[in-house]
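# dropping the sequence and predicted coords here.
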Amino acid sequence: MAMSRRCIPYTPRRLELRESTFALVSTAGVHLRTQEPYDTAGDNSWREIPGDVESRQLMVTHEHYDHRHADQDINCVFPIDRLRELAQEGVIQGVSNLHLGFMGYSQLLKDLYERAAPEMARLIERSSADAVLLTAG
C-alpha cells in the first residue's frame, strides 16, 4: 500500500484525555543507555522503551539536531516525567507500558513508511496505550 504525500492521516480522538493512556513515540533518537545507539548516517530501526523507565536511563543518539538540552533533561524531547505528573494529577488516565524511540533521520523513506512505521504502530496497538504523544528533536 503506497502512502500519499498529499495528506496526513487524521484519526479523531475516541476518549477524553482523562480517560487516555499515553505512549511516547519520539523521532529524537532516544534510547536506553544500555541499548545499541542508532546509526547516525540514517537508521530506520527503533528501540522499545519500557513504561517504567527512569528518565536517567535514557539518552539521545542523533547528529542532525542540537540535543545538548535533551542531554541535560531528556524530558525536553521525551517527556516521560511530565506524562507521569499529568497522570498523577488526573489530567490523563495513565502512562503506557511501552514507548518507542527512533532516529527521525533516514534516506530510506519507502522502507520507513511501508515497513518500519506499520511495525511500530502494531507494537503500540498491542501496548496499554490508547493515545500517542509524538515528539521530535
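Nice, thanks for sending it over. Residues are numbered from 1 along each chain as shown.
# confirm that Val132 sits in a strand.
Yes - counting by DSSP: H, G, I helix; E, B strand; the rest coil, Val132 is located in a strand.
# pretty sure it is touching Ile124, no?
Yes - Val132 is within contact range of Ile124, at 6.2 Å (criterion: CB atoms under 8 Å). Every C-beta, even on glycine, is put in place using the N, C-alpha and C of the backbone.
# now do the shared contacts for those two.
Any residue near both Val132 and Ile124 by CB atoms under 8 Å, 6 or more residues apart in numbering counts here, and that gives 23, 25.
# packing partners for the one helix or strand Ala70 maps to?
Counting by DSSP states H and E, the element that carries Ala70 is helix 68-72. With contacts defined as 3 or more CB pairs under 8 Å, 6 or more residues apart in numbering; DSSP states H and E, helix 68-72 has these neighbours: strand 58-60.
# quick one: contacts of the strand it packs on?
Surrounding strand 58-60, the residues in contact under the criterion CB under 8 Å, 6+ apart are 28-33, 49, 67, 70-71, 74, 77-78, 80, 101, 137.
# run through the chain and note the low-pLDDT ranges.
Within the chain, the stretches falling below the threshold (pLDDT under 70) are 1-8.
# bridging residues for the residue nearest the centre of it?
In the chain, the residue lying closest to the centroid (CA atoms, centre = their mean) is Val25, at 1.3 Å. Taking DSSP bridges, one obtains Leu100, Leu134 as the residues bridged to Val25.
# what's near enough to touch it?
With contact taken as CB under 8 Å, 6+ apart, Val25 is in contact with 99-102, 120, 124, 132-135.
# let's go with 7 Å and repeat that
99-100, 120, 124, 132, 134 (CB atoms under 7 Å, 6 or more residues apart in numbering).
# can you flag the buried ones in these?
Those of the contacts of Val25 that meet the buried threshold are 99-100, 120, 124, 132, by 16 or more other CB atoms under 10 Å.
# now these as CSV including distance to Leu112?
Rendered in CSV, the data for the buried ones among the contacts of Val25 read as follows (distance: CB to CB, whole Å):
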residue, distance to Leu112
His99, 19
Leu100, 13
Met120, 10
Ile124, 16
Val132, 17
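# what's the closest of those residues to Tyr10?
Looking at these and their distance to Tyr10, the nearest is Val132, at 13.4 Å (CB to CB).
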